[in-house]
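Q: Following is a predicted model, sequence given first.
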Amino acid sequence: MNAGTPILTAAQMRSAEQALFDAGVDDYGLMEQAGAAAAAIIWRAGGLRDTLVLCGPGNNGGDGFVIARLLRTRGVAVRVAVLGESGTSSSRRARAGWDGPVEQLATAAPATQLVDALFGTGLSRGLDPAVAARLCDLSASASHSYAIDLPSGVDSDSGALLSAVPHFSICIALGALKPAHLLYPAAGHVRRLICADIGIPASDLAHQLMPPRLAAPGPDDHKYRRGLVAVVGGTMAGAGILAAQAAARSGAGMVRRLAADGLRHGADAIVTQDAQTVDALHDSLDDARLAAVLVGPGLGRDATARARLEAVLRHGHPLVLDADALTLIDVEQIPDGAILTPHEGEFTRLFSDLPGSKIDRARSAAERSGAIVIYKGADSVIAAPDGRVAVASGSSHWLSTAGTGDVLAGLVAGRLAVTRDAFRAAGEAVWLHGDAARRAGAAFIADDLLAALPAAIAARL
Ligand SMILES: NC(=O)C1=CN([C@@H]2O[C@H](COP(=O)(O)OP(=O)(O)OC[C@H]3O[C@@H](n4cnc5c(N)ncnc54)[C@H](OP(=O)(O)O)[C@@H]3O)[C@@H](O)[C@H]2O)[C@@H](O)CC1
Ligand SMILES: Nc1ncnc2c1ncn2[C@@H]1O[C@H](COP(=O)(O)OP(=O)(O)O)[C@@H](O)[C@H]1O
Ligand SMILES: [K+]
């Protein structure tokens, strides 16, 4: 998987900064660099619009003073309003570098542009309600607003809102993304996210999900080499049919639907095998060429469904577990290296007691189960047992319609059959699913995603 922009918790950010200081980087120099990067972005976006910069007591406020000074040197009419005294040596130095007037947050008049440099990664509790209300009022009066590093009031590590938070036109993340940039509800308060490079070395564990690089089939490829996928059917045939069709459009060479029904809907290219009995299912699964097996969509939750799931587990093929399979299975039964695709409800049922942010919980679930976990939602988190994490962002909320999870599960199985690499397959599938949704536009149904998949794949070749 392509390494995207790193995601660091507040503590990881502090140690990354400390490592830079230990290597001789000047504390205040880093703040100048951060402020300059942010000012350049604001200048490009806002030009000469009159601007109010709100500066808090910590280093986020220090960034604000640097931004104010640099915008003013470009001719922008800038005013500064503060909340309290600057409390760190760098922020005091930044404040000393601002020789314009300093107003108080409580009484400052609004401007066309608002820059929020009240709090960043150091926020330890919600803003005082009067301060939060003032921030929201000033933001509502501005036509453009910029959050420096983070919108003030969000918890950097979890994305929770600790107090009322306005919606920002642009959030300028400094040095690395923080979980709150991608996790909801905080992610929903930023229309555009830009990460400014300030020389923080990349971590190799958590990243924003990036567009994958896919390979087209070569002259030596044939359908089995490209990957044979089996989709195990159950009581609700439609879900399995959707999943099989997604797998068939994922780049895999061949898809078999191991059906518990007599239906033959869907593309003719999908081979429907009669596997109504558990014995018949065993026979169908007895094929060493199977590169991925998907079980769960439409499986059902009764004794027959359980028997079908157990049959699948016994064969030991590379596995994708979705939907009902996630309800029927216990964590100890999950084979190492399988891919799980739980939504919030399924995740909580399987891994109820896990603490922390969505990223923390996905990572712990992967570690506990030995599986690759795709923890779905508007902010899908993909985690591997070795600690790697990729977080998808910007996905269409129109995906919240029945059957899109079945399409994702089929895509995951298909990409697993193609790549034989579960973490990579998970990332590719989530990306392609999101891109297909973008292409499908508005008010689409799950079937429409299928039609958009080949174009989403073509765009990544
Ligand atoms: N390290 C560096 O050199 C660089 C850091 N960078 C920048 O620094 C930011 C992190 O800076 P930071 O650690 O100083 O934290 P920051 O977010 O400014 O706030 C902390 C202050 O707020 C206070 N406080 C907290 N919550 C509060 C509340 N609800 N209501 C009222 N007060 C509250 C808290 O005091 P407390 O009461 O919690 O002791 C403390 O005084 C980071 O996001 C980035 O912008 C860049 O410049 C690159 C270089
Ligand atoms: N509000 C949303 N914004 C973006 N993506 C969403 C949203 N709600 C759901 N999704 C995505 O849509 C899919 C829904 O899957 P799931 O809940 O299993 O639905 P179903 O079981 O109906 O197929 C997942 O890929 C999920 O990440
Ligand atoms: K801020």
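A: Structure received. Ligands and ions are numbered 1, 2, ... in the order given.

Q: Next, the buried residues of stretch 40-58.
A: 40-43, 45-46, 49, 51-58 (16 or more other C-beta atoms under 10 Å). Placement of C-beta: from N, CA and C, glycine included.

Q: Show me the shaky parts of the stretch 1-150 of the chain.
A: 1-2 (pLDDT under 70).

Q: who in it is up against ligand 3?
A: Proximity of the stretch 1-150 of the chain to ligand 3, by C-beta under 5 Å from the ion, involves residues 116, 147-148.

Q: Got a quick ChimeraX command for the buried subset of the residues you listed?
A: In ChimeraX, this line selects whichever of these come out buried by 16+ other C-beta under 10 Å:
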select :116,147,148
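
Q: could I get the residues of the stretch 1-150 of the chain next to ligand 3 as JSON lines with distance to Leu183 and secondary structure?
A: JSON lines is the format used below for those (distance: C-beta to C-beta, whole Å; DSSP: H, G, I helix; E, B strand; the rest coil):
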{"residue": "Asp116", "distance to Leu183": "19", "secondary structure": "strand"}
{"residue": "Ala147", "distance to Leu183": "15", "secondary structure": "strand"}
{"residue": "Ile148", "distance to Leu183": "19", "secondary structure": "strand"}
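
Q: quick one: buried residues of stretch 201-212?
A: 203, 205-209, 211-212.

Q: How about stretch 263-273?
A: Of all the residues in stretch 263-273, those buried under the rule 16+ other C-beta under 10 Å are 266, 270, 272.

Q: and which of those residues is nearest to ligand 2?
A: Nearest to ligand 2 among those, counting by C-beta to the nearest ligand atom, is Gly266 at 15.9 Å.

Q: On the pLDDT front, check the closest one for me.
A: Gly266 is assigned 74 on the pLDDT scale.

Q: Pull up the gap between it and Ser169, please.
A: Going from Gly266 to Ser169 by C-beta to C-beta, to the nearest Å gives 44 Å.

Q: Could you do Ala248 as well?
A: In this view, Ala248 and Ser169 are 42 Å apart by C-beta to C-beta.

Q: Tell me which of the two has more neighbours.
A: Ala248 (24 against 18; other C-beta atoms under 10 Å).

Q: got a list of what the more buried one touches?
A: 255, 267, 269-270, 410, 414 (C-beta atoms under 8 Å, 6 or more residues apart in numbering).

Q: Not counting sequence-adjacent ones, nearest residue to it?
A: Closest residue in space to Ala248, ignoring its immediate chain neighbours: Val255 at 4.4 Å, by C-beta to C-beta, 6 or more residues apart in numbering.

Q: what about the one you found, neighbour count?
A: So Val255, with other C-beta under 10 Å, has 31 neighbours.

Q: Quick one, grab the pLDDT at the residue in the stretch 201-350 of the chain positioned nearest to ligand 3.
A: Nearest residue of the stretch 201-350 of the chain to ligand 3 (C-beta to the ion) works out as Gln208 at 19.7 Å. Per-residue confidence at Gln208 stands at 96 (pLDDT).

Q: Tally up the residues packed near the nearest residue to Gly377 once chain neighbours are set aside, please.
A: The shortest distance from Gly377 to any residue other than its chain neighbours is 6.0 Å, reached at Glu344 (C-beta to C-beta, 6+ apart). Glu344 has 11 neighbouring residues, counting by other C-beta under 10 Å.

Q: Domain ranges for the chain, per the record?
A: 10-203, 228-458 (automatic domain parsing).

Q: Can you give me the neighbour number for the closest residue to ligand 2 within the stretch 301-450 of the chain?
A: Taking C-beta to the nearest ligand atom, ligand 2 has its nearest neighbour within the stretch 301-450 of the chain at Gly405, 2.1 Å off. Residues within reach of Gly405, counting by other C-beta under 10 Å, total 25.

Q: Glu332 now?
A: Neighbour tally, Glu332, other C-beta under 10 Å: 8.

Q: where's it relative to Ala371, distance?
A: For Glu332, the distance to Ala371 - C-beta to C-beta - is 12 Å.

Q: quick one: the residue nearest to Ala248 and Ile270 touch, right?
A: Yes - with contact defined as C-beta atoms under 8 Å, Val255 reaches Ile270; the gap is 5.0 Å.

Q: Would you mind listing the residues touching both of the two?
A: 244, 248.

Q: circling back: quick check: closest non-adjacent residue to the residue of the stretch 201-350 of the chain closest to ligand 3.
A: Gly4 (3.9 Å).

Q: tell me the SS of the one you found?
A: coil (DSSP: H, G, I helix; E, B strand; the rest coil).

Q: from now on call the first residue 13
A: Okay, using 13 as the starting number, the last item reads as Gly16.

Q: Which of the helices or strands spans Arg146?
A: Using DSSP states H and E, Arg146 maps to helix 141-153.

Q: I'd like to know which elements that helix is packed against.
A: Judged by 3 or more C-beta pairs under 8 Å, 6 or more residues apart in numbering; DSSP states H and E, the packing partners of helix 141-153 are strand 63-67, strand 125-129.

Q: possible to save the ones you listed as TSV with distance to Ile351?
A: Output for those, formatted as TSV (distance: least, C-beta to C-beta, whole Å):
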stretch	distance to Ile351
strand 63-67	45
strand 125-129	39
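
Q: Between the ones you listed, which one is closest to Ala395.
A: strand 125-129 (31.1 Å; C-beta to C-beta).

Q: what residues does the closest one touch?
A: 54, 58, 61-68, 72-73, 75-77, 79-80, 147, 150-151, 153-160, 163-164, 178, 180.
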